[in-house]
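Enquirer: The sequence isn't on hand, but the structure is:
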């Protein structure tokens, strides 16, 4: 039997190569209605541009039908349709390859090269939480998620500044943001002495404001060092203060153990502003926003269960996690460079709202309940113990919802992990793009697909021996879904919940 991790990217590369010279043509299907008949499509329009009259040569059909290679999924058939070349994978074989090696699909597909290093600097954390605006909170959450994604990919990440304000540290812990703390500032003596020697002195007519050590002409500095690429010529003079020297000293301290030839390039990740819908003049701080969402979560839970839960330590922990999940999915589900419009209605914390963090956590709890139910029934003797995965018959998985979960969630997840950790530091210009919205969108879609399947299919069937084979195959699939969900939540700093 073939071994190794299957990959959507590897399969697409092989499919495009089978068509001969030219740009990429094949597309992966994602919609349920398309996946009933095909998994990949080479659109008719693209085929017309590649082949005369759009007629695909017979040798191309043969090449696609016999497709093989590392990471390439096994093909069942390829046929010509009005939409184009329609390809379906050998689904039982794909189920077997993936579900017998679940761990391979919950780690990045492409390991990082040796010795990568990234320094993330988030200036918003130099103040107190009471002054933290919503736009700054968004930047903090983006940086925290990006750091987790990079580390999962094997990148060495240093976070600056180290937080010294105890109230800020407590707030970050409340938000489950993993950020370093420090008790004292880095020494600025060396930088201060150099500044006093080289900067425009305070004796040049008394034009410098109080507290300013001197003025630095950035344009001259850039020209002297030959680093004009990405420099904004509208930036000229910079006023050097003690606070600025403190920032520079800490950045130098963070780079102290790195070889000079491996210093990271300077790039800015700009996060768009956060606007509150229906309240353009409202200035809400980050702590106020957290308290607002937390109160909504507690209110919704009291309506669903009872007000006594507010005094239960276990539920207090759950309320905190749900509040943070709501906030992180709101703040991170939009491309960071774009403006974020924040709606503060109760719909943002509903377990029925299919785009909310609460909805994702709710389905995480449903998965936990499912496996707990199986365990209890097994202990009562209703079901046998879970058999070896190698003995399972995955040809019993033929529901369209089962293929949707595997093909759209489990199979491509390792590729997604790699994509969230991509930072092109070699691109020209001073700004850099990040794809921190991908994980939230992925987890929401996974939760929607799982919820639809779970509501329709009775996974734990009647305790009859002839039904156990399909039940165990389904449970193994949902084990993989659970692992993907837990890994994705960990990238957001969110622990899985066993009940809500």
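Expert: It's in. In this text the structure is predicted, and so the values were computed from the model without any measurement. Numbering: from 1, shown residues only.
Enquirer: what are the ranges of the strands in the stretch 51-200 of the chain?
Expert: Here the stretch 51-200 of the chain has its strands, by DSSP state E, counting those that start in this stretch, at 75-81, 84-89, 117-121, 156-160.
Enquirer: For the closest residue in space to residue 343 that isn't next to it in sequence, give me phi and psi.
Expert: Nearest residue to residue 343 in three dimensions, chain neighbours excluded: residue 277, at 4.7 Å (C-beta to C-beta, 6 or more residues apart in numbering). Quick note: C-beta positions are derived from backbone N, CA and C, even for glycine. Main-chain torsions, residue 277, degrees, to the nearest 10: phi -60, psi 130.
Enquirer: just checking, residue 277 touches residue 340?
Expert: No - using C-beta atoms under 8 Å as the test, residue 277 is too far from residue 340 to be in contact (10.2 Å).
Enquirer: between the two, who's got more neighbours?
Expert: When neighbours are counted by other C-beta atoms under 10 Å, residue 277 and residue 340 differ, and residue 340 comes out ahead with 20 against 10.
Enquirer: so who does that one touch?
Expert: Shown in contact with residue 340 (C-beta atoms under 8 Å, 6 or more residues apart in numbering): 138, 272, 273, 274, 275, 330, 331, 334.
Enquirer: pLDDT value on the last one, please?
Expert: With respect to pLDDT, residue 334 scores 92.
Enquirer: Distance of it relative to residue 294?
Expert: 22 Å (C-beta to C-beta, to the nearest Å).
Enquirer: What of the fifth one?
Expert: Using C-beta to C-beta, one obtains 21 Å as the distance from residue 275 to residue 294.
Enquirer: Of these two, which one has the most company?
Expert: Between residue 275 and residue 294, counting by other C-beta under 10 Å, residue 294 is the more crowded of the two (19 against 15).
Enquirer: So that one, which state does it fall into?
Expert: Per DSSP: H, G, I helix; E, B strand; the rest coil, the secondary structure class of residue 294 is helix.
Enquirer: And for the nearest residue to residue 137 once chain neighbours are set aside, the neighbour number?
Expert: Among residues not flanking residue 137 along the chain, residue 286 sits closest, at 4.0 Å (C-beta to C-beta, 6+ apart). Using other C-beta under 10 Å, residue 286 has 25 other residues around it.
Enquirer: Spit out the contact partners of residue 286.
Expert: 129, 132, 133, 134, 136, 137, 171.
Enquirer: Reformat the residues you listed into a markdown table and put distance to residue 403 next to each item.
Expert: Formatted as a markdown table, the contacts of residue 286 follow (distance: C-beta to C-beta, whole Å):
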| residue | distance to residue 403 |
| --- | --- |
| 129 | 46 |
| 132 | 45 |
| 133 | 45 |
| 134 | 41 |
| 136 | 43 |
| 137 | 39 |
| 171 | 44 |
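Enquirer: and which of those residues is nearest residue 440?
Expert: Using C-beta to C-beta, residue 137 is the member of those that lies nearest residue 440, at 15.5 Å.
Enquirer: hmm, back to that, now, of the strands of the stretch 51-200 of the chain, which is deepest in the fold?
Expert: strand 84-89 (a mean of 21; mean count of other C-beta atoms under 10 Å).
Enquirer: Which other helices and strands does that one contact?
Expert: If contacts are counted by 3 or more C-beta pairs under 8 Å, 6 or more residues apart in numbering; DSSP states H and E, strand 84-89 sits against strand 40-43, helix 44-50, strand 75-81.
Enquirer: repeat that with 6 Å
Expert: strand 40-43, strand 75-81 (3 or more C-beta pairs under 6 Å, 6 or more residues apart in numbering; DSSP states H and E).
Enquirer: What pairs with that strand, parallel or antiparallel?
Expert: Using DSSP bridges, strand 84-89 pairs in its sheet with strand 40-43 (antiparallel), strand 75-81 (antiparallel).
Enquirer: Reformat those strands as CSV; add mean pLDDT and distance to residue 430.
Expert: Below are the strands paired with strand 84-89 laid out as CSV (pLDDT from 0 to 100; distance: least, C-beta to C-beta, whole Å):
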stretch, mean pLDDT, distance to residue 430
strand 40-43, 95, 38
strand 75-81, 92, 46
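Enquirer: Nearest to residue 67, out of these?
Expert: It's strand 75-81; of the strands paired with strand 84-89, that one is closest to residue 67 (C-beta to C-beta) at 5.0 Å.
Enquirer: contact partners of that closest one?
Expert: 64, 65, 67, 86, 87, 88, 89, 90 (C-beta atoms under 6 Å, 6 or more residues apart in numbering).
Enquirer: Which one of those is nearest to residue 426?
Expert: Nearest to residue 426 among the contacts of strand 75-81, counting by C-beta to C-beta, is residue 67 at 33.2 Å.
Enquirer: pLDDT at the closest one, what is it?
Expert: According to the model, residue 67 carries a pLDDT of 90.
Enquirer: Just list the residues touching it, thanks.
Expert: Neighbour list for residue 67: 14, 75 [criterion: C-beta under 6 Å, 6+ apart].
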